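In: Predicted model and sequence follow; I will ask about them next.
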Amino acid sequence: MGELREPLKELTVCGLPEALETMGERWSFMILRASFNGLHHFEEFLGELGIARNILSNRLAKLVDHGILDREPCPDDRRRIEYRLTEKGLDLLPAMLALRQWGQKYGSEMEENPVLVDARDRLPIGPVSILAHDGRILEYMDLHLQARDKVGIRSDGTRAEEARDACAPGSLARVDSASSKPRRMAAKG
């Protein structure tokens, strides 16, 4: 990834240690998965996950403290509490899907059922990918660490400009099978 390395002893200059502090254990991920599957109530989590009551209570409190879940009274019964994903929680979806896909690829042989599909076409989702600013699909060899004050300066000294039509939800990043070069396409709706 280039000549630079991340300062691996510095825990404050990378988001990974903070993310692991918040989400770095199995039950937090399982609660998050259950939330993505529409569970909202303590008793639902308890029954579906088979988790001990004290562990569930602790993990829910931690996820609320970190702003991943909101804890609010139910509109129809103020005595019951609902846990709902926040925007910060919803932003964990790509990480969850990447871990799920990795587990399916390298874990024990299992046939996924039900299958996660896109809502429009009802076809399986593609692999979670690393996208460049302009929507190109990147691989490990395409990544490079750059000092902040040199971001956008290419190896030949020229300055790159950010794409004006960066890949956004609903747009497509496709790999052209003939050339293996990614190309952007407009979404059809």
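Out: Now that the structure is in, tell me what you want to look at.
In: Point to the helix or strand of the chain where mean pLDDT is at its lowest.
Out: In the chain, no helix or strand scores lower on mean pLDDT, DSSP states H and E than strand 181-185, which sits at a mean of 42.
In: Okay, strands next: where are they in this protein?
Out: Here the chain has its strands, by DSSP state E, at 69-73, 81-85, 130-131, 137-138, 172-176, 181-185.
In: Give the partner strands of the second one in its sheet and their orientations.
Out: Which is strand 81-85. Strand 81-85 sits in its sheet next to strand 69-73 (antiparallel), going by DSSP bridges.
In: buried residues in the strand it pairs with?
Out: By neighbour count on 16 or more other CB atoms under 10 Å, the buried set for strand 69-73 is Leu69. To be clear about C-beta, it is placed using only N, CA and C from the backbone, and glycine gets the same treatment.
In: mind checking how far that strand is from the chain centre?
Out: Remark: strand 69-73 is offset 21 Å from the chain centroid, using CA atoms, centre = their mean, to the nearest Å.
In: Same check on stretch 118-135?
Out: Relative to the chain's own centre, stretch 118-135 is displaced by 12 Å; criterion: CA atoms, centre = their mean.
In: Pull out the buried residues from it.
Out: Result for stretch 118-135 [16+ other CB under 10 Å]: buried residues 128, 134-135.
In: Please work out the average pLDDT along it.
Out: Averaging pLDDT along stretch 118-135 gives 93.
In: Convert the C-alpha atoms of it to CSV, please.
Out: Extracted C-alpha coordinates of stretch 118-135, given in CSV (Å, rounded to 0.1, in the frame of the first residue of the first chain):
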residue,chain,number,x,y,z
ASP,A,118,-32.2,-6.4,-3.7
ALA,A,119,-35.8,-5.2,-3.2
ARG,A,120,-36.3,-4.2,-6.9
ASP,A,121,-35.1,-7.2,-8.8
ARG,A,122,-35.2,-9.9,-6.1
LEU,A,123,-31.8,-11.1,-7.1
PRO,A,124,-28.9,-11.8,-4.7
ILE,A,125,-26.8,-8.8,-3.7
GLY,A,126,-23.3,-8.6,-5.1
PRO,A,127,-20.1,-8.7,-3.1
VAL,A,128,-19.4,-5.7,-0.9
SER,A,129,-16.7,-3.8,-2.7
ILE,A,130,-14.2,-1.0,-2.0
LEU,A,131,-15.2,1.9,-4.3
ALA,A,132,-13.0,4.8,-5.5
HIS,A,133,-14.3,8.3,-5.3
ASP,A,134,-15.6,7.9,-8.9
GLY,A,135,-17.2,4.5,-8.4
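In: for the chain, what spans make up the helices?
Out: Remark: helices assigned in the chain by DSSP state H are 15-23, 26-36, 42-49, 53-65, 87-90, 93-106.
In: Please identify which of those is closest to Asp121.
Out: Of all those, helix 93-106 sits nearest to Asp121, with 16.9 Å by CB to CB.
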